[in-house]
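J.: Next comes the sequence, and after it the predicted model I'd like to discuss.
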Amino acid sequence: MIEIKNIVKSFGDKEVLKGVSCILRQGETNLIIGGSGTGKSVLLKCIIGLIKPDEGAILYNDRDFYNSSLEVQQSIRREMGVLFQGGALFDSQTVHQNIQFPLDMLTTMSEADKRERVEFCLQRVGLEGTGKRMPSEISGGMKKRVGIARAIVMNPKYLFCDEPNSGLDPLTAVKIDELIKEITQEYNITTLVITHDMNSVMEIGENIIFLHSGHKLWEGDNQTLMHSDVAELNEFIFANKLLRDLRS
Ligand SMILES: Nc1ncnc2c1ncn2[C@@H]1O[C@H](COP(=O)(O)OP(=O)(O)OP(=O)(O)O)[C@@H](O)[C@H]1O
C-alpha cells in the first residue's frame, strides 16, 4: 500500500499539485486519470522520488520516503518497477539484455540465475523465444511487453505504468491492460497506472483517482465512475462519444 498525503508542488509561481491525498491499494490496479496538464505525471514523479514535493508525504507500507535515510530510500527504490511511457528500451541492446539490465545494475546474481529470471519474465509476458531480437525488430505492443518484463524482473512490490497504452491499437491496448491487471493480482503488487484512456479506465480501474487542476476531485471504481455528480469528471468521461451514447 502507498499512502499519498497532502502533496503540494509548485514550479516557480505555478502551483501544479494543490494538496493531493489518496491511498493506492495493494493487489489492485490504481489509476490516476485526468485531462492534459492536470498534474498526473508530476504526481507520479513525486511518488517515485524523481521530484521532491514542497509539502506532504509518501508512505510506502508505512515508510515515509522523503523522511527516510538514503539506505531506506534505496531499498524502497529497489522494490519499484517502472514502465515508462515510450517503453524506454535501449535500442542497441537485445530484448534479453534490456530485461536483464536491472539485475546487472542492482544484484549480484550469477549469470545463470539472471538468464533464468529473464526467461521466466519473457514467458510471463508472452514473449518466449524473442530474447535475441533487437527492439527495432519488434512491434509497439511487444515493446510494451518487454517494458513490463523489465519492470517486474526485480519482483517489485510497487509497479508504476505511465500511459502504458499510448501508441497502441485498441486490441493490443486491451491485452496490455489485462497483462498489467493479471500481474498485479498474481504477485499482489501495488500498481499505479497513469492514463487518459477511457477503455483502460473501464477495463482495469479498480481504484480510480480523478485529478483536475492539481486537486483530487473524485475517487471510486469503474462501477461508480459513470454515475458521479462531479461536473468536471463527467466532462472528462463523456468527451468520448461512445460513452455519451451509452449513458443516454
Ligand atoms: N519540470 C517542470 N518545470 C516546470 N513546469 C512543469 C514541470 N513539469 C511539469 N510542469 C507543468 O506542470 C503541469 C502539469 O504537468 P503534467 O506533466 O503533470 O501534466 P499531465 O496531467 O501528466 O498531462 P499529460 O496528460 O498531457 O501528460 C503542466 O502545466 C506542466 O507544464
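T.: Nice, thanks for sending it over. Numbering: from 1, shown residues only.
J.: Name the next helix or strand downstream of the helix or strand harbouring residue 144, please.
T.: Per DSSP states H and E, residue 144 falls inside helix 140-152. Where DSSP H and E defines the elements, the next helix or strand beyond helix 140-152 is strand 158-162.
J.: Now do that following strand against helix 140-152: the angle between them, please.
T.: Angle of strand 158-162 versus helix 140-152, following axes from the mean of the first three to the mean of the last three CA atoms, to 10 degrees, is 150 degrees.
J.: just to revisit the earlier point, counting by contacts, list what the helix holding residue 144 packs against.
T.: When contacts are defined as 3 or more CB pairs under 8 Å, 6 or more residues apart in numbering; DSSP states H and E, helix 140-152 sits against strand 80-83, helix 95-106, helix 111-124, strand 158-162, helix 170-186. From N, CA and C alone the C-beta is placed, and that goes for glycine too.
J.: buried stuff in the shortest one?
T.: By neighbour count on 16 or more other CB atoms under 10 Å, the buried set for strand 80-83 is 80, 81, 82, 83.
J.: okay, among the residues you listed, which ones form the most distant pair?
T.: Greatest spatial distance among the buried residues of strand 80-83 (CB to CB): 80 and 83, at 10.9 Å.
J.: Please enumerate the shared neighbours of these two.
T.: Common neighbours of residue 80 and residue 83, using CB atoms under 8 Å, 6 or more residues apart in numbering, are 159, 160.
J.: Distance to the ligand and mean pLDDT added to the helices and strands packed on helix 140-152, as a markdown table?
T.: Output for these, formatted as a markdown table (distance: least, CB to the nearest ligand atom, whole Å; pLDDT from 0 to 100):
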| stretch | distance to the ligand | mean pLDDT |
| --- | --- | --- |
| strand 80-83 | 15 | 92 |
| helix 95-106 | 24 | 93 |
| helix 111-124 | 28 | 93 |
| strand 158-162 | 8 | 95 |
| helix 170-186 | 16 | 90 |
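J.: Let me know which of these is tucked in deepest.
T.: Burial of the helices and strands packed on helix 140-152 is given as mean neighbour count (mean count of other CB atoms under 10 Å); strand 158-162 ranks first at a mean of 24.
J.: Which positions in this protein make contact with the ligand?
T.: Residues of the chain lying close to the ligand by CB under 6 Å from any ligand atom are 11, 16, 34, 36, 37, 38, 39, 40, 41, 42, 196.
J.: 8 Å instead?
T.: Residues of the chain found near the ligand (CB under 8 Å from any ligand atom) are 11-12, 14, 16, 34-45, 51, 163, 194, 196, 211, 214.
J.: Quick one, which of these are buried?
T.: Neighbour-count burial (16+ other CB under 10 Å) is assigned, among these, to 16, 34, 38-45, 51, 163, 194, 196, 211, 214.
J.: Now for these: which two are most distant?
T.: Spanning the widest gap among those are 51 and 196, at 20.2 Å by CB to CB.
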